[in-house]
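Engineer: using only what follows, build the 3D model:
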Amino acid sequence: MFYRFVFFGVAIVLGTSLQGTVLQAQELPDKQRTLAGRYAQLEQILLRLAETSSSSDPRRATLLNKALHESRDKLLVQRFDTLVNALERRQLTNAIGGQTEIEQDLLELLRLLESADRNERRDAEKEKIKEFLKDIEEILHSERTLRNQTRQQEAQHLPMMEKDQRDIRMRAQALRDRFAEYEGWTPPSENEPSEYSDSSEQSQPQSEQNPSQPEHNPSQAEQGQSQEGQLQESQPQPQQNQPQQNQPGREPSPSRQALQRALERMRQAEQRLQQAEKEGAIEEQEEAIAELQRLKEELEKILRQLREEELLQTLEKLEERFKRMLRMEQTIHSQIERLINELERESASDQRQINIRADRLGVDQQAVIEEAESALLILREDGTAQAMVESLLQARFDMTEAKNRLERTALDTVTLHVVDTVIDALKEMLDAIQAAIDEARERQENAKNQQQPQQGGTMTEEPLIQLLAELRMIRSMQRRVNERTARYDTEIKQLLEKPDADLSPLRYAVEELARQQNRISRILHELRIGRTQ
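Structural biologist: Got it, this is the predicted structure:
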């Protein structure tokens with residue numbers, strides 16, 4: 001992408017400009033001014049890319065906006081201009097320090113932007129493997145069906161089934177060719193013997209392989225010549241036009257070996273069927289099915305690893321965001337406590353300053369709400385943590401209530417209680433995320449040590465948050481709904497005692513509370529259905 005080349009160009013020129021002896025002193029300001037212009041152009045391109053991607057690719061738009069915001073928060077454009085001024089004034093020491101800092105900031109932004117490319121490559125790889133698995137399932141089904149038909153047929157009818165076996169093998173061969181392109185190796189030709197073919201027939205005595213030939217007992221001289229020939233064959237030979245899969249130093253993948261062996265078994269089954277060897281054909285078909293099943297398990301293992309990588313990356317992003325929200329919310333809580341204490345001490349003449357500070361806290365609370373929106377986008381995109389989504393929706397509702405109260409300068413215990421509720425919810429969700437990170441890392445470590453248990457049946461994706469943690473969040477959500485119901489009941493009774501009381505704000509809050517209760521019930525029902533299927 002364009003921004004990658006611009007970032008690399010800026011970083012390279014910055015690195016060279018750190019060596020003051022390379023460029024003439026009068027050239028440095030012009031070089032730095034060129035870089036400043038290119039970076040300002042890059043910010044405009046990021047803005048346009050984010051706007052055009054907002055509807056077609058929301059995730060990329062979010063990433064671009066984040067990079068743009070970080071760039072502006074770091075004041076990179078202004079700092080480039082400062083470097084130009086420093087170089088024009090021959091303040092080389094200040095310029096070198098500023099260039100080093102900008103170079104580090106640019107590399108951080110580049111890593112952020114390249115994370116989108118990594119995610120896209122991983123998503124594409126997952127889709128490709130899912131396509132392979134679908135094709136393997138169809139071939140497996142066809143081979144099992146043919147195996148059952150072979151068992152039921154009389155021997156004299158078996159040659160007519162050779163074409164069916166060949167059709168299945170050709171489908172598997174087409175899959176092999178696509179898989180070879182995916183893994184980057186060259187499949188053998190039709191008549192070329194595979195390096196994974198079964199050597200049992202070659203290891204049989206010659207008299208069994210060809211009964212028409214008389215048994216030959218070699219003499220000692222012949223044995224010596226044979227051993228000499230074997231020694232010569234064991235020496236490394238020149239590699240000429242050797243396919244990629246036979247090149248030394250490249251160990252074939254287990255999935256590739258299984259697929260090649262399955263093809264060999266199917267080819268042997270064709271021959272057995274043609275020769276009306278029923279038991280031999282069934283045996284070869286059984287072996288082909290076993291190899292296809294191994295291939296399926298290997299690809300499912302790769303798919304699980306990709307899912308684990310994606311899951312851990314998502315959890316780490318959520319952890320960072322929830323930690324930030326928690327720090328911001330705790331700061332708001334302490335500031336509210338300070339304002340309440342000042343409100344009790346100060347005179348009415350200082351009320352204006354307190355109102356201004358309360359309004360600023362409302363702005364800070366809005367910033368937390370925006371962070372929560374970004375976290376919701378990540379959670380909804382994953383789609384497996386329904387309870388956490390609902391818990392964050394509840395917390396966002398409480399954040400909005402706290403913001404509205406701060407804007408009205410409602411500095412009281414009710415506002416503090418609302419913020420306390422948000423903090424408790426954020427802590428609970430952060431604990432669940434950190435526990436999920438530990439579990440994900442443990443699973444990755446077990447997989448590296450080949451301790452991961454085999455999963456039979458249909459493969460399911462690992463959820464972002466485990467069931468027990470989700471149930472804890474549901475219990476906490478229900479507790480908060482109960483507490484809020486009691487608080488609204490008290491407030492409604494107090495308002496009804498006043499003439500001309502306005503119940504519209506509470507009416508909306510109660511309606512939202514009812515929606516939250518319905519969503520909790522729905523999530524529990526979906527969890528029960530999903531876990532019992």
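Engineer: what's the neighbour count on residue 65?
Structural biologist: A count of nearby residues for residue 65, using other Cβ atoms under 10 Å, gives 18. For glycine as for every other residue, the C-beta is placed from the backbone atoms N, C-alpha and C.
Engineer: tell me the first helix or strand C-terminal of the helix or strand where it lies.
Structural biologist: Residue 65 belongs to helix 58-73 when assigned by DSSP states H and E. Once the chain leaves helix 58-73, the next helix or strand it forms, by DSSP H and E, is helix 76-88.
Engineer: which other helices and strands contact that following helix?
Structural biologist: Secondary-structure packing of helix 76-88 (3 or more Cβ pairs under 8 Å, 6 or more residues apart in numbering; DSSP states H and E): helix 28-56, helix 92-152.
Engineer: low-confidence ranges in the stretch 251-400 of the chain?
Structural biologist: Counting by pLDDT under 70, the stretch 251-400 of the chain shows low-confidence ranges at 346-349, 383.
Engineer: domain map for the chain?
Structural biologist: Using automatic domain parsing, the domains assigned to the chain come out as 2-121, 299-532.
Engineer: what's near enough to touch residue 289?
Structural biologist: Residue 289 makes contacts with 140, 143-144, 147, as judged by Cβ atoms under 8 Å, 6 or more residues apart in numbering.
Engineer: make a ChimeraX selection of whichever of these turn out to be buried.
Structural biologist: Only the buried entries of the contacts of residue 289 go into this ChimeraX selection, using 16 or more other Cβ atoms under 10 Å:
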select :140,143,147
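Engineer: let me know the closest of the contacts of residue 289 to residue 252.
Structural biologist: residue 140 (21.4 Å; Cβ to Cβ).
Engineer: is it correct that the closest one is in contact with residue 294?
Structural biologist: No: Residue 140 lies out of contact with residue 294 (Cβ atoms under 8 Å); the separation is 11.2 Å.
Engineer: what about residue 441, which SS state?
Structural biologist: The three-state label given to residue 441 by DSSP: H, G, I helix; E, B strand; the rest coil is helix.
Engineer: how deep is it tucked in, by neighbour count?
Structural biologist: 13.
Engineer: now it, nearest residue through space, not along the chain?
Structural biologist: Closest residue to residue 441 apart from its sequence neighbours, by Cβ to Cβ, 6 or more residues apart in numbering: residue 312 at 6.9 Å.
Engineer: after the helix or strand harbouring the one you found, next one along is what?
Structural biologist: Assessed by DSSP H and E, residue 312 sits inside helix 278-345. Once the chain leaves helix 278-345, the next helix or strand it forms, by DSSP H and E, is helix 351-382.
Engineer: can you pull the pLDDT of residue 68?
Structural biologist: Model confidence at residue 68, given as pLDDT, is 82.
Engineer: excluding covalently adjacent residues, which one is nearest to it?
Structural biologist: Among residues not flanking residue 68 along the chain, residue 46 sits closest, at 4.8 Å (Cβ to Cβ, 6+ apart).
Engineer: the one you found and residue 67 touch, don't they?
Structural biologist: Yes: the pair residue 46 / residue 67 is scored as a contact, 6.2 Å apart, by Cβ under 8 Å.
Engineer: rewinding a little: what sits against the residue nearest to residue 441?
Structural biologist: Applying Cβ under 8 Å, 6+ apart to residue 312 gives the contacts 437, 440-441, 444.
Engineer: and these, which are buried?
Structural biologist: Taking 16+ other Cβ under 10 Å as the criterion, what is buried in the contacts of residue 312 is 437, 440, 444.
Engineer: nearest to residue 56, of the residues you listed?
Structural biologist: For the buried ones among the contacts of residue 312, the nearest to residue 56 is residue 440 (30.4 Å; Cβ to Cβ).
Engineer: please report the distance of the nearest residue to that closest one once chain neighbours are set aside from residue 27.
Structural biologist: In space, and not counting its chain neighbours, residue 440 is closest to residue 312: 4.6 Å by Cβ to Cβ, 6+ apart. Relative to residue 27, residue 312 is positioned 47 Å away (criterion: Cβ to Cβ, to the nearest Å).
Engineer: and residue 373, by the same measure?
Structural biologist: For residue 373, the distance to residue 27 - Cβ to Cβ - is 47 Å.
Engineer: again, but for residue 371
Structural biologist: Counting by Cβ to Cβ, the gap from residue 371 to residue 27 is 45 Å.
Engineer: neighbour count for those two, which is higher?
Structural biologist: Neighbour count, other Cβ under 10 Å: between residue 371 and residue 27, residue 371 has more, with 18 against 12.
Engineer: list the contacts for that one?
Structural biologist: 321, 324-325, 328 are the contacts of residue 371 under Cβ under 8 Å, 6+ apart.
Engineer: try it again at 7 Å.
Structural biologist: 321, 324-325 (Cβ atoms under 7 Å, 6 or more residues apart in numbering).
Engineer: quick one: contacts for residue 509?
Structural biologist: Listed by Cβ under 7 Å, 6+ apart, the contact partners of residue 509 are residue 488.
Engineer: 10 Å - rerun?
Structural biologist: Residues counted as contacts of residue 509 (Cβ atoms under 10 Å, 6 or more residues apart in numbering) are 397, 401, 484, 487-488, 491-492.
Engineer: one more: residue 169?
Structural biologist: 139, 143, 176, 262-267, 269-270, 288.
Engineer: restricted to helices, list these.
Structural biologist: 139, 143, 176, 262-267, 269-270, 288 (DSSP state H).
Engineer: what is the nearest of those to residue 419?
Structural biologist: Distances from residue 419 to the ones in helices among the contacts of residue 169, taken by Cβ to Cβ, are shortest for residue 139, at 59.2 Å.
Engineer: what about that closest one, distance to residue 182?
Structural biologist: Taking Cβ to Cβ, one finds residue 139 at 16 Å from residue 182.
Engineer: the more surrounded of these two?
Structural biologist: residue 139 (23 against 13).
Engineer: show me the contacts for residue 485.
Structural biologist: Residues near residue 485 by Cβ under 10 Å, 6+ apart: 510, 513-514, 517.
Engineer: of the contacts of residue 371, closest to residue 521?
Structural biologist: Nearest to residue 521 among the contacts of residue 371, with distances taken as Cβ to Cβ, is residue 325, at 26.9 Å.
Engineer: identify the residue spatially nearest to that closest one, adjacent ones excluded.
Structural biologist: What sits nearest to residue 325 in space, not counting adjacent residues and going by Cβ to Cβ, 6+ apart, is residue 371, at 4.9 Å.
Engineer: which phi and psi does residue 502 have?
Structural biologist: phi -100, psi 110 (degrees, to the nearest 10).
Engineer: contacting residues around the closest residue to it other than its chain neighbours?
Structural biologist: In space, not counting the residues next to it along the chain, residue 502 is nearest to residue 495; the distance is 7.7 Å by Cβ to Cβ, 6+ apart. Neighbouring residues of residue 495 by Cβ under 10 Å, 6+ apart: 501-503, 505-506.
Engineer: filter the contacts of residue 485 to the buried ones?
Structural biologist: Applying 16+ other Cβ under 10 Å to the contacts of residue 485 flags 510, 513 as buried.
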